[in-house]
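[1] pasting the sequence and the predicted coordinates here, then a few questions.
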Amino acid sequence: MTTLKIEKLRSKIEGKEILKGLTLEIHGGEIHAIMGPNGTGKSTLASALMGHPKYEVTGGKVTLDNEDLLDMEVDERAQAGLFLAMQYPSEIAGVTNSDFLRSAINARREEGDEISLIRFIREMESKMQGLEMNPEFMHRYLNEGFSGGEKKRNEILQMMLLEPKFVILDEVDSGLDIDALRIVANGVNEMRSPDRGFLIITHYQRLLNYITPDFVHVMMQGRIVKSGGPELAHRLEAEGYDWVKEELGITDETVSEA
Ligand code: ADP
Ligand code: MG
């Protein structure tokens, strides 16, 4: 069984410590949702796991199927089966969406076992259809001039074609209208499998109406401070985060002191 194990992870950006000992374990077949106030380090967690060079890891351990993830370069992490749908996907002029995707797929395959052009196009077309994307997006430059919602669908398209072992979705619901949200959620649900784990970072419970998580975690001040089931997301939606702070004795001073 595939396992992503994060132990006491600490990370700094521009000299400021953001992740302060975050521990979380995700197994294949599970969907974990992380919710938390703005600026609490959710995207930092995603970037640190993926190996973004700006995020310095200063402590802790992360393994993917017992292999040391933190020791790997970004491309090695992707090869190992980690996938991140970014909160703000980058635009890359000069590289078409289809060229990018085909290279990404082939990078995960052995030499001599590259996907054939015909098969690639057939798969890409069928997934794009499922995501209700206009086929012209195949030939557009990666994310260039895409609307927020189009970028998010494109991230899901990448996930579906790459078939990663571990998927991190960072606010994939932001900027989506209700129809797009349903389409994106369907794409995710289709990819649910006992061999694949998900970490879904979201600000709103509404995504979780379409994708039912197995576990919900509250992140505050760079740590997971509370975990529960789907009911926890409903309570956060209804009542906000104050009750969690009260329950745990978290004050704004603990924020500034950290
Ligand atoms: P969240 O995703 O939970 O809203 P982030 O991980 O984006 O939070 O941000 C956590 C903190 O790190 C914030 O205080 C933010 O300003 C800071 N931060 C994140 N990225 C950068 C960056 N590239 N440069 C400087 N500070 C950053
Ligand atoms: Mg964020």
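    Looks like it came in fine. Just so we're clear, the structure is a prediction, and the values are computed from it rather than from any experiment. Numbers count the residues shown, from 1 in each chain. Ligands and ions are numbered 1, 2, ... in the order given.
[2] only C-alpha atoms for contact and neighbour calcs from this point on.
    Will do.
[3] buried ones in stretch 234-247?
    234, 236, 241, 244 (16 or more other CA atoms under 10 Å).
[4] other residues contacting that stretch?
    Identification of contacts with stretch 234-247 by CA atoms under 8 Å, 6 or more residues apart in numbering yields 36-37, 204-205, 226, 251.
[5] what residues of stretch 2-14 count as buried?
    Quick answer for stretch 2-14 (16+ other CA under 10 Å): 2-7, 9-12.
[6] what of stretch 221-236?
    221-225, 227, 230, 232-234, 236.
[7] quick one: distance of it to the chain centre.
    How far stretch 221-236 lies from its chain's middle: 17 Å, per CA atoms, centre = their mean, to the nearest Å.
[8] helices of this structure, residue ranges please.
    Assigned by DSSP state H, the helices in the chain fall at 42-50, 74-79, 97-107, 117-130, 148-162, 178-191, 230-239, 242-248, 252-257.
[9] redo these as TSV? Include distance to ligand 1 and mean pLDDT.
    Output for those, formatted as TSV (distance: least, CA to the nearest ligand atom, whole Å; pLDDT from 0 to 100):
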stretch	distance to ligand 1	mean pLDDT
helix 42-50	4	96
helix 74-79	17	93
helix 97-107	25	91
helix 117-130	28	94
helix 148-162	16	92
helix 178-191	20	93
helix 230-239	15	94
helix 242-248	16	93
helix 252-257	10	53
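[10] make TSV from those helices and add distance to residue 68 to it.
    Formatted as TSV, these follow (distance: least, CA to CA, whole Å):
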stretch	distance to residue 68
helix 42-50	11
helix 74-79	10
helix 97-107	20
helix 117-130	32
helix 148-162	22
helix 178-191	25
helix 230-239	30
helix 242-248	32
helix 252-257	31
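[11] out of those helices, nearest to residue 197?
    helix 178-191 (9.7 Å; CA to CA).
[12] and the angle from that closest one to helix 117-130?
    Relative orientation of helix 178-191 versus helix 117-130 (axes from the mean of the first three to the mean of the last three CA atoms, to 10 degrees): 130 degrees.
[13] tell me what helix 178-191 is packed against?
    Contacts defined by 3 or more CA pairs under 8 Å, 6 or more residues apart in numbering; DSSP states H and E place helix 178-191 against helix 148-162.
[14] tell me the angle the helix it packs on makes with helix 178-191.
    Angle, helix 148-162 to helix 178-191, by the same axes, to 10 degrees: 10 degrees.
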